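J.: here you go, sequence then predicted model.
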Amino acid sequence: MTRKHTTFLIVSLMLAGMSLLFFSTRPVAAQDPKPTPSDDEVNRVAKQMYCPVCENIPLDVCPTQACQEWRDLIRLKLSDGWSDQQIKQYFAQQYGDRVLAEPPKTGLNWIVYILPWVAIAGGAVIVWRVLASMRRRAGTPGEPTEATEPPSTEVEKDPYMARLEEELKKKD
């Protein structure tokens with residue numbers, strides 16, 4: 001072998017070894033930190049949940065230590081790549097559906113979504129019927145209505161009052 005061939009062979013092996021090392025290595029976890037979610041991203045999820053300790057206080061505004069720990073856990077889950085729905089499902093499994101701002105659309109929870117529409121439809125029917133009955137009472141122009149009839153007095157209808165009136169007249 002000539003000196004050129006030997007040098008070429010050594011350089012080729014070195015390049016092959018270096019390229020093998022370059023393409024086969026992975027970054028160490030400490031070198032590739034996970035991006036930390038911003039407070040806005042954490043609050044986006046926290047707004048959809050309620051405090052586990054306080055009643056009816058959204059998780060994003062509650063000042064308790066438990067809520068701060070929950071927000072830290074949400075931040076950790078977001079940095080691990082969890083979706084909003086996965087995080088809410090995790091907390092619902094741990095603490096029950098009461099921690100969710102919007103109950104799941106299953107079982108009897110459907111009543112929460114249907115009842116307002118039923119109430120609105122029922123109210124519209126009642127208003128329509130009241131207006132229709134008011135129109136019927138008003139009648140058409142030219143017809144006598146209850147308002148044009150002379151008012152009747154209770155004395156004429158009540159026999160006791162009529163008798164009392166008669167007796168008062170006799171004493172005069």
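T.: Structure's in. What do you need?
J.: number of nearby residues for Pro104?
T.: Applying other C-beta atoms under 10 Å, we find 12 residues neighbouring Pro104. Just so you know, the C-beta spots here come from the backbone N, C-alpha and C atoms, and that holds for glycine as well.
J.: just to be sure, it is in a helix?
T.: No - counting by DSSP: H, G, I helix; E, B strand; the rest coil, one finds Pro104 to be coil, located in no helix.
J.: what sits against the nearest residue to it once chain neighbours are set aside?
T.: If the residues on either side of it in the chain are set aside, Pro104 comes closest to Asp97, at 6.3 Å by C-beta to C-beta, 6 or more residues apart in numbering. Taking C-beta atoms under 8 Å, 6 or more residues apart in numbering, we find Asp97 in contact with Pro103, Pro104, Asn109.
J.: let's see it at 10 Å
T.: Going by C-beta atoms under 10 Å, 6 or more residues apart in numbering, Asp97 touches Lys88, Phe91, Pro103, Pro104, Thr106, Gly107, Asn109.
J.: from Asp80, how far off is the spatially most central residue of the chain?
T.: For the chain, the residue nearest the mean C-alpha position is Glu102 (3.6 Å; C-alpha atoms, centre = their mean). Using C-beta to C-beta, to the nearest Å, Glu102 is found at 24 Å from Asp80.
J.: related to what we said a few turns ago, the contacts of Asp97: which two are farthest apart?
T.: Spatial extent of the contacts of Asp97 (C-beta to C-beta) is set by the pair Phe91 and Gly107 at 18.7 Å.
J.: pick out whichever of these two has more residues nearby.
T.: More neighbours surround Phe91 than the other of Phe91 and Gly107, with 22 against 9 (other C-beta under 10 Å).
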